[in-house]
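Engineer: okay, sequence plus prediction incoming.
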Protein chains: 2
Amino acid sequence: MKKLFTFAVMLLISITAFAQQALWGGSQIVSPEIHSNNTVTFRLKAPKAVKVELTGDFLPTQKIDTPRGTFDAPGMVELEENKEGVWEYTTPEPLASELYSYAFIVDGLRMNDPNNIMMIRDVASITSVFIIKGDKGDLYSVNDVPHGTVARRWYNSPTLKENRRITIYTPPGYENSNQSYPVFYLLHGSGGDEEAWIALGRTSQIMDNLIAQGKAKPMIVVMTNGHTQNNASPDETNRSYTPAMGGGPREAVASMEDSFGDVMKFIETNYRVKKGKANRAIAGLSMGGMHSANISAQYPNTFDYIGVFSAPPIAAMMGAALPSAEAESEFIPKLETQKKNGYQLYWIACGTTDFVYKGVIDSMQKMDEIGFDYTYRESGGGHTWDNWRIYLSEFAPMLFR
Amino acid sequence: MKKLFTFAVMLLISITAFAQQALWGGSQIVSPEIHSNNTVTFRLKAPKAVKVELTGDFLPTQKIDTPRGTFDAPGMVELEENKEGVWEYTTPEPLASELYSYAFIVDGLRMNDPNNIMMIRDVASITSVFIIKGDKGDLYSVNDVPHGTVARRWYNSPTLKENRRITIYTPPGYENSNQSYPVFYLLHGSGGDEEAWIALGRTSQIMDNLIAQGKAKPMIVVMTNGHTQNNASPDETNRSYTPAMGGGPREAVASMEDSFGDVMKFIETNYRVKKGKANRAIAGLSMGGMHSANISAQYPNTFDYIGVFSAPPIAAMMGAALPSAEAESEFIPKLETQKKNGYQLYWIACGTTDFVYKGVIDSMQKMDEIGFDYTYRESGGGHTWDNWRIYLSEFAPMLFR
């Protein structure tokens, strides 16, 4: 240990490395500081700033007027400066257990918290995050339980004529048994990629914890890249692009739906999986919910468990303003077939303030008309990751029973 | 595609999600913009800022005077503001092919580039990075070549009495063959963890590219967490700590050296590996170089290939100011045994401005005195990742020949 310490000191004396500024230059700022009562203090050293604000998804939303209308914007509060030029804000109330995102706004300029190494990318933004433990936060945290393996691999898609990146969670013990496992395909939304569910979705933590608690069966979770214009997330691809909703660097050769057979074939030939529809689940959020509804209809008798999170299962029924007759006439016959073939669980979840809410309600009415069975889970909130983590936490335990 | 587009538009209309600010709010700023001649433009929208500067490891270092002495600090330049409040700087000269790190300094406050999603953590700092392609930059980039798999797993260490996280690269084709592969253990420095070599080290890109070019043999690369006080990187552990040089959340039960047998046992029982010293390599940077020298001496006849990057192989000889007699008298007999047992390659690499340079030179003199064979690679530069990526790129091709 003494050797190590000496080495660290020598390293600190040498100021040549570029990226190590956080290690010297005076007192270390602690931010965010989560107090024992779950209030949280945020700090930023900015002696020259005139105004420092904080925005985060734990603050009450505020109405803002824009030329395009009035919107619910994330809340914003002002920090106070102390004598050392450190700006500070403490939440007046304890925060509920959750994973939260936040940013500072320094004289109008948005920035992450330089003292917090926990950052996660969501679409094109990287934001600072923290977890309040206790309830849901525990489920989203790394705990002292057996851990599964998360592998980033590349699979070949003959349909898309390329190799594509994929993220695969195998449950604890997978590598040291001869057992076969059921497979859960978990699809991201329009702003995501093969990293979305593992990063903001906390899939490996949620699965490790649910499995350790005996609440979910050990299963393989497969997280694809659902944008067939891309082959990988923006920092792991050979194509140059900036992530955006539904965007990509080129035209897609085929849709996610039409190329999904390649994914299943890859998984079933490369992993020890239990085959048959009883051992396959598919779910997704937003665009991935549409994909899940479409794929489960398009590949008949393939999935016994279907989850549609924050998306209208009848996919083109996005909102009241959009025509649905076309989609309906195309999709209803497929649902009829799916109904005839049978399945264990068709789970639809949506938040009451979600912009797709009406589309979801309308879809379910149409499904009722043809006697199509589903389970509906309505939550508060909107089209956000806090809901999607909850839906995953509730959906996974119902699988493969 | 039309469905997708409609969905994206609907999502943009709904401004409830917290983290998606980069997607609206006016014109998209492109930064960094790499021009065809490899000059680079950096941009930041900050209409209220008085002064915006840029620091990066592509700028010439500058001498700065501090109460603790005069140091080489990373270079800094000022940006110019245009009428829209966008600050801009273009490098006067094309940049050489490399992976670069940088940050903006807005009225004294350091921040990452909000328009660049490529960020990598180095110790406790997260910095914006970009790659200039062409030469080394191509080697550090994802190209259209077969890709290996990167798995994050947990292994049991009976010596440390815990499960620990580990990052493992298996070469393209590993999963679809019955072949066995040699193993390269690649160890990080004092500020790193099991993510360091894969992130700033670009190990998977370098290995994919070298293997595709026929320059390196397909091999398994094992990246451990060398801080035995920790069980995982700071955002993947159940222990709370802020990364720091040599720091950790608790006292270590045993050293990396003494617990390394657990790592080898895990790899050799969980992967299809070729056994025997001819099929084992170990190398590391800085503290990991010390570990590599120590481990290769402590486990006799175990490694045919040893790489010591930016570290004195006789480990306590950190610099001229430190006493070396003790370390020497302990370590020389071990080197004598290592010499007697034989090995294929003992590769020492160091930069001429590295603070460990004198320790490296002194170590080699002592090795010369006992006729201990090694190959010395001297580079320019210091104790930085640009050197460590080069050393990896040069060392890996020499292995298992």
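Structural biologist: Everything's here; your move. None of these values were measured; they are calculated from a predicted model. Numbers count the residues shown, from 1 in each chain, chains lettered A, B, ... in the order given.
Engineer: is A:R250 in a helix, a strand, or coil?
Structural biologist: Following DSSP: H, G, I helix; E, B strand; the rest coil, we place A:R250 in the coil state.
Engineer: now do A:L210
Structural biologist: helix.
Engineer: from chain B, how far out is it?
Structural biologist: Between A:L210 and chain B the computed distance is 16 Å (CB to the nearest CB, to the nearest Å). To be clear about C-beta, it is placed using only N, CA and C from the backbone, and glycine gets the same treatment.
Engineer: same question, A:R43
Structural biologist: For A:R43, the distance to chain B equals 13 Å [CB to the nearest CB].
Engineer: what bridges to that residue?
Structural biologist: A:E88 (DSSP bridges).
Engineer: can you name the residues that contact it?
Structural biologist: A:I29, A:V30, A:S31, A:P32, A:E33, A:V86, A:W87, A:E88, A:N115 (CB atoms under 8 Å, 6 or more residues apart in numbering or on different chains).
Engineer: okay, now A:K275: neighbour count?
Structural biologist: Residues lying near A:K275 (other CB atoms under 10 Å in any protein chain shown) number 11.
Engineer: do you know the pLDDT at it?
Structural biologist: Here the pLDDT value assigned to A:K275 is 93.
Engineer: try A:N176
Structural biologist: A:N176 carries a pLDDT value of 89.
Engineer: do A:M111 as well
Structural biologist: As predicted, A:M111 sits at a pLDDT of 96.
Engineer: for A:L59, which three-state class applies?
Structural biologist: Here A:L59 is coil, with the state taken from three-state DSSP.
Engineer: pretty sure it sits against A:V77.
Structural biologist: Yes: in this structure A:L59 lies within contact range of A:V77 using CB atoms under 8 Å: 6.2 Å.
Engineer: neighbours around the residue of the stretch 251-400 of chain A found nearest chain B, how many?
Structural biologist: When distances are taken as CB to the nearest CB, the stretch 251-400 of chain A reaches nearest to chain B at A:F355, 3.9 Å away. Other residues lying near A:F355 total 18 when counted by other CB under 10 Å.
Engineer: that older thread, quick one: which of A:L59 and A:V77 has more around it?
Structural biologist: Shown here are A:L59 and A:V77; by other CB under 10 Å, A:L59 has more neighbours (17 against 14).
Engineer: quick one, phi psi at that one?
Structural biologist: The phi/psi pair for A:L59 (degrees, to the nearest 10) reads phi -90, psi 150.
Engineer: that one and A:A73: what is the separation?
Structural biologist: Separation of A:L59 from A:A73 (CB to CB, to the nearest Å) stands at 10 Å.
Engineer: burial measure for A:G289, as a count.
Structural biologist: A:G289, neighbours per other CB under 10 Å, totals 29.
Engineer: oh, that last question was meant for A:N225, not what I typed.
Structural biologist: For A:N225, the number of neighbouring residues by other CB under 10 Å comes to 26.
Engineer: same check on A:A244?
Structural biologist: By other CB under 10 Å, the burial measure for A:A244, its neighbour count, is 18.
Engineer: wait, a helix at it?
Structural biologist: No: counting by three-state DSSP, A:A244 is located in no helix; its state is coil.
Engineer: hmm, it is touching A:G192, no?
Structural biologist: No: if you go by CB under 8 Å, A:A244 and A:G192 don't touch, sitting 11.4 Å apart.
Engineer: need the residues touching each of these two.
Structural biologist: Shared contacts of A:A244 and A:G192 (CB under 8 Å, 6+ apart): A:V123.
Engineer: partner residues bridging A:K63?
Structural biologist: A:K63 forms beta bridges with A:D72, as assigned by DSSP bridges.
Engineer: typo on my end, it should be A:Y181
Structural biologist: Bridge pairing for A:Y181 - DSSP bridges - gives A:V273.
Engineer: could you give the number of residues near it?
Structural biologist: A:Y181 has 21 nearby residues by other CB under 10 Å.
Engineer: quick one: it from A:F260, how far?
Structural biologist: Relative to A:F260, A:Y181 is positioned 19 Å away (CB to CB).
Engineer: which residues in the stretch 151-300 of chain A form helices?
Structural biologist: With DSSP state H, counting those that start in this stretch as the criterion, the stretch 151-300 of chain A has helices at A:196-199, A:203-212, A:256-270, A:287-298.
Engineer: is the shortest one positioned near chain B?
Structural biologist: By that I understand helix A:196-199. No: Helix A:196-199 stays clear of chain B (CB under 8 Å from any CB of the partner chain), getting no nearer than 9.8 Å.
Engineer: which helices and strands sit right next to that helix?
Structural biologist: Contacts defined by 3 or more CB pairs under 8 Å, 6 or more residues apart in numbering or on different chains; DSSP states H and E place helix A:196-199 against strand A:119-122, strand A:162-170, strand A:220-223.
Engineer: show the average pLDDT along that helix.
Structural biologist: Here the average pLDDT along helix A:196-199 is 97.
Engineer: in it, what counts as buried?
Structural biologist: Buried residues in helix A:196-199, counted by 16 or more other CB atoms under 10 Å in any protein chain shown: A:A196, A:W197, A:I198, A:A199.
Engineer: and that helix, C-alpha only, in PDB?
Structural biologist: Taking Å, rounded to 0.1, in the frame of the first residue of the first chain, the C-alpha atoms of helix A:196-199 are listed here in PDB:
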ATOM      1  CA  ALA A 196     -30.600   3.100 -24.000                       C
ATOM      2  CA  TRP A 197     -32.100   0.400 -21.800                       C
ATOM      3  CA  ILE A 198     -28.800  -0.500 -20.200                       C
ATOM      4  CA  ALA A 199     -28.000   3.100 -19.400                       C
END
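Engineer: contacting residues around A:L59?
Structural biologist: A:P74, A:G75, A:M76, A:V77.
Engineer: which phi and psi does the second one have?
Structural biologist: A:G75 adopts backbone torsions of phi -60, psi 160, taken as degrees, to the nearest 10.
Engineer: give me the neighbour count for it.
Structural biologist: Neighbour number of A:G75 under other CB under 10 Å is 15.
Engineer: now do the contacts for it.
Structural biologist: A:T55, A:G56, A:L59, A:P60, A:T61, A:Q62.
Engineer: most neighbours per residue, which of the helices and strands packed on helix A:196-199?
Structural biologist: Comparing these by mean neighbour count (mean count of other CB atoms under 10 Å in any protein chain shown), strand A:220-223 comes out on top with a mean of 26.
Engineer: partner strands of that one, with direction?
Structural biologist: Partners of strand A:220-223, by DSSP bridges, with direction: strand A:162-170 (antiparallel), strand A:183-187 (parallel).
Engineer: what's the angle between the longest one and helix A:203-212?
Structural biologist: Here strand A:162-170 runs at an angle of 30 degrees relative to helix A:203-212 (axes from the mean of the first three to the mean of the last three CA atoms, to 10 degrees).
Engineer: can you give me the helices in the stretch 1-150 of chain A?
Structural biologist: Using DSSP H, counting those that start in this stretch, the helices of the stretch 1-150 of chain A run over residues A:2-13, A:136-139.
Engineer: select from those the stretch with the lowest mean pLDDT.
Structural biologist: Here the helices of the stretch 1-150 of chain A differ in mean pLDDT, and the lowest is helix A:2-13 at a mean of 47.
Engineer: and the strands in the stretch 1-150 of chain A?
Structural biologist: With DSSP state E, counting those that start in this stretch, the ranges of strands along the stretch 1-150 of chain A come out as A:33-34, A:40-45, A:52-56, A:62-66, A:69-73, A:76-78, A:80-81, A:86-90, A:98-106, A:109-111, A:119-122, A:125-132, A:149-157.
Engineer: for the spatially most central residue of chain A, give me its contacts.
Structural biologist: Of all residues in chain A, the one closest to the mean position by CA atoms, centre = their mean is A:G201, 3.2 Å from it. If you count contacts by CB under 8 Å, 6+ apart, A:G201 has them with A:L186, A:H188, A:W385, A:W388, A:R389, A:L392.
Engineer: how far away is the fourth one from A:C350?
Structural biologist: The reference is to A:W388. 11 Å.
Engineer: next one: the second one
Structural biologist: Relative to A:C350, A:H188 is positioned 17 Å away (criterion: CB to CB).
Engineer: likewise A:V221?
Structural biologist: Distance, A:V221 to A:C350, using CB to CB: 22 Å.
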